[in-house]
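K.L.:
Turn this into a model:
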Amino acid sequence: MRLMMRLFAVTACIAAGAGCDEKLSSLTGPTPDLDTTFRSIQQNIFTATDSTGRAACTSCHTTAGGRVPPVGMDLGSSAAYSQLVNVPSRNKPGAIRVIPGDPENSYLVHKLEGRTSPESQKIVGDRMPRGTGPFLTEGQMRVIKRWIELGALDN
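P.N.:
Residues are numbered from 1 along each chain as shown. Predicted structure coming up:
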């Protein structure tokens, strides 16, 4: 019941619009500076390990040291945005990594949540970050979804 009330409160904030973003940031726990901008998500999620021990996405998804990142996605570079927004998934035909305004159909969200159903949202391969976790918290995911809802701007 308590979880349902919290989910309702978060959903109400999302529906209320940008004025609630500050409250969403307070839910992010291990990334207290996280905001609903691409730069903040890149700095606090993609390129940083958080206090839960969740590895930075760039521990795999980077070209640093001459490596080739999985599915060609370098989340630490200035090209990260252009490799996410309106870009088809290399592993799941028909899936788009980030669809501005539509987090529920954005493959990035599916991969981060480890979706196994419905079939149209079922991921190929492992949940991200790869392994057994820790994974992103509910609050961190809310901020990423809110960024996508707001149009997935390069800000």
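
K.L.:
From what I see, residue 122 and residue 115 are in contact.
P.N.:
Yes: here residue 122 reaches residue 115: they are 6.2 Å apart, a contact under CB atoms under 8 Å. Bear in mind the C-beta positions are built from the backbone N, C-alpha and C, glycine included.

K.L.:
Report all helices and strands that the strand or helix carrying residue 139 contacts.
P.N.:
Applying DSSP states H and E as the criterion places residue 139 in helix 138-149. Other helices and strands packing on helix 138-149, by 3 or more CB pairs under 8 Å, 6 or more residues apart in numbering; DSSP states H and E, are helix 2-16, helix 21-26, helix 38-41, helix 107-113.

K.L.:
Least confident of those, on average?
P.N.:
When these are ranked by mean pLDDT, helix 2-16 comes last with a mean of 45.

K.L.:
CA atoms only: put stretch 124-135 into CSV for me.
P.N.:
Provided in CSV are the C-alpha atoms of stretch 124-135 (Å, rounded to 0.1, in the frame of the first residue of the first chain):
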residue,chain,number,x,y,z
VAL,A,124,17.3,-8.7,-26.3
GLY,A,125,20.2,-9.7,-24.1
ASP,A,126,20.8,-8.6,-20.6
ARG,A,127,19.3,-5.9,-18.4
MET,A,128,21.6,-2.8,-18.1
PRO,A,129,23.9,-2.3,-16.5
ARG,A,130,24.9,-5.8,-17.3
GLY,A,131,25.2,-8.3,-14.6
THR,A,132,23.3,-8.8,-11.3
GLY,A,133,23.1,-5.1,-10.3
PRO,A,134,22.8,-2.9,-8.5
PHE,A,135,20.5,-1.4,-11.1
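
K.L.:
Contacts made by that stretch with the rest, please.
P.N.:
Residues from elsewhere that reach stretch 124-135, judged by CB atoms under 8 Å, 6 or more residues apart in numbering: 52-55, 57, 59-60, 89, 91-92, 111-114.

K.L.:
so which of the residues you listed comes closest to residue 37?
P.N.:
Minimum separation from residue 37 among the contacts of stretch 124-135 (CB to CB) is found for residue 57, which lies at 16.5 Å.

K.L.:
OK, contacts around the closest one?
P.N.:
Contacts for residue 57 (CB under 8 Å, 6+ apart) come out as 45, 46, 47, 75, 128, 129.
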